[in-house]
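Peer 1: Requesting a structural model of the entry that follows:
(chains A and B)
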Amino acid sequence: GQSLEQPSEVTAVEGAIVQINCTYQTSGFYGLSWYQQHDGGAPTFLSYNALDGLEETGRFSSFLSRSDSYGYLLLQELQMKDSASYFCAVRETGGFKTIFGAGTRLFVKA
Amino acid sequence: DGGITQSPKYLFRKEGQNVTLSCEQNLNHDAMYWYRQDPGQGLRLIYYSQIVNDFQKGDIAEGYSVSREKKESFPLTVTSAQKNPTAFYLCASSNPGQAYEQYFGPGTRLTVT
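Peer 2: Numbering: from 1, shown residues only, chains lettered A, B, ... in the order given. Sure, this is the predicted structure:
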(Lines give C-alpha, C1' and ligand atoms only; values in the text may rest on other atoms or scores of the structure.)
Protein backbone atom coordinates (compact mmCIF):
# COMPACT_ATOMS: atom_id res chain seq x y z
CA GLY A 1 0.00 0.00 0.00
CA GLN A 2 0.85 3.65 0.03
CA SER A 3 2.62 5.22 2.99
CA LEU A 4 4.36 8.47 3.79
CA GLU A 5 6.77 9.08 6.64
CA GLN A 6 7.56 12.39 8.26
CA PRO A 7 9.28 13.32 11.51
CA SER A 8 6.73 13.88 14.25
CA GLU A 9 8.24 17.10 15.59
CA VAL A 10 10.83 19.69 14.64
CA THR A 11 11.95 22.69 16.68
CA ALA A 12 13.76 25.72 15.30
CA VAL A 13 14.58 29.28 16.22
CA GLU A 14 12.92 32.36 14.79
CA GLY A 15 14.80 33.59 11.73
CA ALA A 16 16.38 30.21 11.05
CA ILE A 17 15.86 27.72 8.22
CA VAL A 18 14.18 24.37 8.76
CA GLN A 19 13.71 21.36 6.49
CA ILE A 20 10.85 18.89 6.92
CA ASN A 21 11.42 15.60 5.15
CA CYS A 22 8.91 13.20 3.65
CA THR A 23 9.69 9.73 2.37
CA TYR A 24 7.06 7.71 0.63
CA GLN A 25 6.24 4.28 -0.66
CA THR A 26 3.71 4.25 -3.44
CA SER A 27 3.00 2.13 -6.45
CA GLY A 28 2.49 5.25 -8.51
CA PHE A 29 1.63 8.85 -7.90
CA TYR A 30 1.28 12.15 -9.71
CA GLY A 31 3.25 14.37 -7.38
CA LEU A 32 3.89 15.53 -3.82
CA SER A 33 1.88 18.25 -2.09
CA TRP A 34 2.47 20.09 1.16
CA TYR A 35 -0.16 21.53 3.50
CA GLN A 36 0.03 23.66 6.64
CA GLN A 37 -2.41 23.32 9.52
CA HIS A 38 -2.56 25.52 12.60
CA ASP A 39 -4.05 24.05 15.76
CA GLY A 40 -7.79 23.64 15.41
CA GLY A 41 -7.76 25.01 11.90
CA ALA A 42 -8.13 23.77 8.37
CA PRO A 43 -5.19 22.57 6.29
CA THR A 44 -4.09 25.07 3.66
CA PHE A 45 -2.23 24.17 0.50
CA LEU A 46 1.39 25.32 0.34
CA SER A 47 3.05 23.77 -2.68
CA TYR A 48 3.10 20.94 -5.19
CA ASN A 49 5.91 19.14 -7.00
CA ALA A 50 4.91 17.21 -10.09
CA LEU A 51 8.48 16.97 -11.35
CA ASP A 52 11.83 16.43 -9.69
CA GLY A 53 13.52 19.53 -8.43
CA LEU A 54 12.91 22.58 -6.33
CA GLU A 55 9.78 24.75 -6.36
CA GLU A 56 10.03 28.11 -4.60
CA THR A 57 7.14 30.16 -3.26
CA GLY A 58 8.30 33.05 -1.16
CA ARG A 59 9.82 31.83 2.11
CA PHE A 60 8.72 28.26 1.37
CA SER A 61 10.37 25.85 -1.05
CA SER A 62 9.59 22.24 -1.80
CA PHE A 63 11.74 19.57 -3.36
CA LEU A 64 11.03 16.20 -4.93
CA SER A 65 13.27 13.33 -5.99
CA ARG A 66 11.27 10.48 -7.48
CA SER A 67 14.32 8.25 -7.79
CA ASP A 68 14.87 8.54 -4.03
CA SER A 69 11.13 8.50 -3.12
CA TYR A 70 11.86 11.59 -1.09
CA GLY A 71 10.78 15.15 -0.77
CA TYR A 72 11.13 18.03 1.64
CA LEU A 73 9.63 21.34 2.58
CA LEU A 74 12.09 24.13 3.34
CA LEU A 75 10.99 27.09 5.41
CA GLN A 76 13.29 30.11 5.51
CA GLU A 77 13.36 33.16 7.77
CA LEU A 78 11.17 31.36 10.26
CA GLN A 79 8.49 33.37 12.01
CA MET A 80 6.51 32.54 15.12
CA LYS A 81 3.39 32.22 12.98
CA ASP A 82 5.02 29.30 11.15
CA SER A 83 4.45 27.17 14.25
CA ALA A 84 1.98 24.62 12.89
CA SER A 85 1.71 21.09 11.58
CA TYR A 86 2.93 20.34 8.07
CA PHE A 87 1.65 17.43 6.01
CA CYS A 88 3.00 15.90 2.87
CA ALA A 89 0.49 14.21 0.59
CA VAL A 90 0.46 12.20 -2.62
CA ARG A 91 -2.32 11.66 -5.09
CA GLU A 92 -2.54 8.14 -6.36
CA THR A 93 -2.37 7.56 -10.08
CA GLY A 94 -5.62 6.59 -11.76
CA GLY A 95 -7.87 8.29 -9.26
CA PHE A 96 -8.63 11.13 -6.92
CA LYS A 97 -7.48 9.54 -3.68
CA THR A 98 -4.95 11.60 -1.79
CA ILE A 99 -2.87 10.00 0.94
CA PHE A 100 -1.59 12.23 3.73
CA GLY A 101 1.39 11.73 5.99
CA ALA A 102 0.90 11.86 9.76
CA GLY A 103 2.28 15.40 9.87
CA THR A 104 5.27 17.18 11.36
CA ARG A 105 4.65 19.57 14.19
CA LEU A 106 6.96 22.59 13.90
CA PHE A 107 7.73 24.64 16.99
CA VAL A 108 9.36 28.01 16.37
CA LYS A 109 11.09 29.50 19.40
CA ALA A 110 12.03 33.11 19.99
CA ASP B 1 -15.96 35.31 -1.20
CA GLY B 2 -15.53 31.78 -2.46
CA GLY B 3 -14.91 29.00 -0.01
CA ILE B 4 -16.12 25.96 1.84
CA THR B 5 -18.40 26.09 4.84
CA GLN B 6 -18.97 23.35 7.37
CA SER B 7 -21.52 23.44 10.09
CA PRO B 8 -21.70 23.21 12.95
CA LYS B 9 -18.17 23.77 14.25
CA TYR B 10 -18.83 21.68 17.36
CA LEU B 11 -21.34 18.86 17.59
CA PHE B 12 -22.24 16.65 20.52
CA ARG B 13 -24.27 13.47 20.22
CA LYS B 14 -25.21 10.50 22.28
CA GLU B 15 -23.96 7.09 21.29
CA GLY B 16 -26.35 5.27 19.00
CA GLN B 17 -27.57 8.36 17.16
CA ASN B 18 -26.90 9.13 13.54
CA VAL B 19 -25.60 12.61 12.81
CA THR B 20 -25.17 14.52 9.55
CA LEU B 21 -22.35 16.98 8.98
CA SER B 22 -22.88 19.71 6.44
CA CYS B 23 -20.40 20.76 3.74
CA GLU B 24 -21.13 23.45 1.15
CA GLN B 25 -18.78 25.01 -1.39
CA ASN B 26 -19.17 27.89 -3.84
CA LEU B 27 -15.87 27.37 -5.62
CA ASN B 28 -17.55 25.59 -8.53
CA HIS B 29 -15.39 22.54 -7.87
CA ASP B 30 -16.50 19.18 -9.19
CA ALA B 31 -14.53 17.08 -6.71
CA MET B 32 -15.28 16.95 -2.99
CA TYR B 33 -13.80 14.94 -0.15
CA TRP B 34 -14.40 14.01 3.48
CA TYR B 35 -11.51 13.36 5.84
CA ARG B 36 -11.27 12.34 9.44
CA GLN B 37 -8.48 13.60 11.67
CA ASP B 38 -7.68 12.17 15.09
CA PRO B 39 -5.41 13.95 17.58
CA GLY B 40 -1.81 14.07 16.43
CA GLN B 41 -2.55 12.21 13.25
CA GLY B 42 -2.87 12.89 9.57
CA LEU B 43 -5.98 13.01 7.48
CA ARG B 44 -7.72 9.80 6.50
CA LEU B 45 -10.04 9.74 3.53
CA ILE B 46 -13.63 8.68 4.25
CA TYR B 47 -15.40 9.34 0.94
CA TYR B 48 -14.81 11.35 -2.17
CA SER B 49 -16.94 12.45 -5.09
CA GLN B 50 -15.71 13.43 -8.51
CA ILE B 51 -19.06 14.55 -9.85
CA VAL B 52 -22.69 14.95 -8.87
CA ASN B 53 -24.51 11.69 -8.12
CA ASP B 54 -21.26 9.76 -7.92
CA PHE B 55 -19.04 9.00 -4.94
CA GLN B 56 -16.39 6.51 -3.95
CA LYS B 57 -15.33 4.96 -0.67
CA GLY B 58 -12.05 6.05 0.81
CA ASP B 59 -9.91 4.14 3.24
CA ILE B 60 -12.23 4.31 6.27
CA ALA B 61 -15.78 4.41 4.86
CA GLU B 62 -17.30 1.87 7.25
CA GLY B 63 -19.93 3.46 9.45
CA TYR B 64 -20.28 6.53 7.23
CA SER B 65 -22.53 7.49 4.33
CA VAL B 66 -22.65 10.41 1.90
CA SER B 67 -24.77 11.87 -0.85
CA ARG B 68 -23.95 14.20 -3.73
CA GLU B 69 -27.23 15.50 -5.13
CA LYS B 70 -25.90 18.97 -5.84
CA LYS B 71 -22.50 20.16 -7.00
CA GLU B 72 -22.25 22.54 -4.06
CA SER B 73 -23.13 20.10 -1.30
CA PHE B 74 -21.59 16.90 0.05
CA PRO B 75 -23.11 15.98 3.44
CA LEU B 76 -21.61 13.22 5.57
CA THR B 77 -23.69 11.04 7.88
CA VAL B 78 -21.94 9.40 10.78
CA THR B 79 -24.04 6.37 11.60
CA SER B 80 -24.37 4.44 14.84
CA ALA B 81 -22.32 1.70 13.17
CA GLN B 82 -19.18 3.83 13.36
CA LYS B 83 -17.27 2.43 16.34
CA ASN B 84 -15.23 5.50 17.26
CA PRO B 85 -16.98 8.54 15.80
CA THR B 86 -15.41 11.19 18.02
CA ALA B 87 -13.00 13.09 15.76
CA PHE B 88 -12.37 16.24 13.75
CA TYR B 89 -14.06 16.02 10.35
CA LEU B 90 -12.78 18.02 7.40
CA CYS B 91 -14.45 18.58 4.07
CA ALA B 92 -12.45 19.62 1.01
CA SER B 93 -12.94 20.33 -2.66
CA SER B 94 -10.79 20.67 -5.75
CA ASN B 95 -10.90 21.00 -9.49
CA PRO B 96 -10.89 17.51 -11.02
CA GLY B 97 -7.50 17.96 -12.63
CA GLN B 98 -6.01 19.56 -9.54
CA ALA B 99 -6.64 17.09 -6.75
CA TYR B 100 -3.15 17.92 -5.52
CA GLU B 101 -4.49 21.31 -4.37
CA GLN B 102 -7.48 20.84 -2.12
CA TYR B 103 -9.37 23.59 -0.37
CA PHE B 104 -10.57 22.73 3.11
CA GLY B 105 -13.48 23.87 5.21
CA PRO B 106 -13.01 24.89 8.86
CA GLY B 107 -13.99 21.44 10.10
CA THR B 108 -16.56 20.00 12.50
CA ARG B 109 -15.43 18.58 15.82
CA LEU B 110 -17.79 15.75 16.70
CA THR B 111 -17.96 14.36 20.20
CA VAL B 112 -20.03 11.26 20.89
CA THR B 113 -20.60 10.15 24.47
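
Peer 1: And the helices in chain A, which stretches?
Peer 2: For chain A, applying DSSP state H gives no helices.

Peer 1: For it, which residues are neighbours of chain B?
Peer 2: A:8, A:30-31, A:33, A:40-45, A:48, A:50, A:87, A:89, A:91, A:95-103 (Cβ under 8 Å from any Cβ of the partner chain). Where you see a C-beta, it was placed from the backbone N, CA and C, and this is true even at glycine.

Peer 1: Any stretches of the chain with poor pLDDT?
Peer 2: In the absence of a named chain, this looks at chain A. Filtered on pLDDT under 70, chain A yields the residue ranges A:1, A:95.

Peer 1: sorry, should have said chain B
Peer 2: B:1.

Peer 1: Which positions in it make contact with chain A?
Peer 2: So chain B meets chain A at B:31, B:33, B:35, B:40-45, B:48, B:50, B:56, B:58-59, B:90, B:92, B:96, B:99-107 (Cβ under 8 Å from any Cβ).

Peer 1: And A:Val13, how close does it get to chain B?
Peer 2: 24 Å (Cβ to the nearest Cβ, to the nearest Å).

Peer 1: what bridges to that residue?
Peer 2: Beta-bridge partners recorded for A:Val13 (DSSP bridges): A:Lys109.

Peer 1: can you tell me which residues contact it?
Peer 2: With Cβ atoms under 8 Å, 6 or more residues apart in numbering or on different chains as the criterion, the residues that contact A:Val13 are A:78, A:108-110.

Peer 1: just A:Ser67 next, same as before
Peer 2: A:Asp52.

Peer 1: Can I get the buried part of the residues of chain B next to chain A as one PyMOL selection?
Peer 2: Buried residues within the residues of chain B next to chain A, by 16 or more other Cβ atoms under 10 Å in any protein chain shown, are selected in PyMOL with:
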select buried, chain B and resi 31+33+35+42+43+44+45+48+50+58+90+92+99+100+102+103+104+105+106+107
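
Peer 1: circling back: can you tell me which of the residues of chain A next to chain B end up in strands?
Peer 2: A:30-31, A:33, A:44-45, A:48, A:87, A:89, A:91, A:98-100 (DSSP state E).

Peer 1: Next, format the residues you listed as TSV and append neighbour count.
Peer 2: Below are those laid out as TSV (neighbours: other Cβ atoms under 10 Å in any protein chain shown):
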residue	neighbour count
A:Tyr30	17
A:Gly31	15
A:Ser33	25
A:Thr44	13
A:Phe45	18
A:Tyr48	19
A:Phe87	25
A:Ala89	25
A:Arg91	24
A:Thr98	25
A:Ile99	22
A:Phe100	21
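
Peer 1: Quick one: these as JSON lines, columns for distance to A:Val18 too.
Peer 2: As requested, these are exported to JSON lines (distance: Cβ to Cβ, whole Å):
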{"residue": "A:Tyr30", "distance to A:Val18": "26"}
{"residue": "A:Gly31", "distance to A:Val18": "22"}
{"residue": "A:Ser33", "distance to A:Val18": "19"}
{"residue": "A:Thr44", "distance to A:Val18": "18"}
{"residue": "A:Phe45", "distance to A:Val18": "19"}
{"residue": "A:Tyr48", "distance to A:Val18": "20"}
{"residue": "A:Phe87", "distance to A:Val18": "15"}
{"residue": "A:Ala89", "distance to A:Val18": "19"}
{"residue": "A:Arg91", "distance to A:Val18": "25"}
{"residue": "A:Thr98", "distance to A:Val18": "24"}
{"residue": "A:Ile99", "distance to A:Val18": "24"}
{"residue": "A:Phe100", "distance to A:Val18": "20"}
